[in-house]
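> Sequence and predicted structure, then a few things I'm wondering about:
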Amino acid sequence: MARGKLRIYLGAAPGVGKTYSMLSEAHRRVERGTDAVVAFVEHHGRPRTEVMLHGLEQIQRQELEYRGTVFTEIHVDAVLARRPAVALVDELAHTNVPGSRNAKRWQDIEELLEAGIDVISTV
């Protein structure tokens, strides 16, 4: 099985359109027949970005409790079980909540790539 390919949308500051651009690419790919899913995307309350999630399949997030608060992280096993051609994973440099499968999101992405899933991410 071939290793997946990684594409990263890079932006110098929050709110410059990285996630929006990533979602736009996903819509284009889906329109061309590519099996693309949203593995983890944060819209940060930006309405235009939130609207871009419509029409894209979203993998349920994993809920983890840490210090009395429930957080959500990418559900790596669910993405691996779904086996899409492309997975969208926002915020590559994110530190996962303690108790997550991996300490860093880039490690989650690495697992998807090793499984042959292409990943589109943001930094």
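Happy to help now that I have it.
> contacts and neighbour counts: CA atoms only from here.
OK.
> Identify the single longest helix in the chain, thanks.
Looking across the chain with DSSP state H, the single longest helix is helix 18-31.
> Report the separation between the most centrally placed residue in the chain and Glu50.
Nearest to the geometric centre of the chain sits Val89, at 1.5 Å (CA atoms, centre = their mean). Remark: distance between Val89 and Glu50 (CA to CA, to the nearest Å) = 15 Å.
> now do Val30
17 Å.
> what secondary structure does Glu13 sit in?
Residue 13: Ala, not Glu. Here Ala13 is coil, with the state taken from DSSP: H, G, I helix; E, B strand; the rest coil.
> returning to what we had before: can you tell me which residues contact the residue nearest to the centre of the chain?
Each residue near Val89 by CA atoms under 8 Å, 6 or more residues apart in numbering is listed here: 38-41, 74, 109, 119-122.
> And the strands in the protein, which stretches?
Counting by DSSP state E, the chain has strands at residues 6-9, 36-40, 57-58, 62-66, 69-73, 86-89, 118-122.
> so which of those is the most packed in?
strand 86-89 (a mean of 26; mean count of other CA atoms under 10 Å).
> Could I have the CA atoms of it written out in CSV?
Taking Å, rounded to 0.1, in the frame of the first residue of the first chain, the C-alpha atoms of strand 86-89 are listed here in CSV:
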residue,chain,number,x,y,z
VAL,A,86,-8.7,12.1,1.5
ALA,A,87,-9.1,13.3,5.2
LEU,A,88,-9.2,16.9,6.2
VAL,A,89,-7.4,17.5,9.5
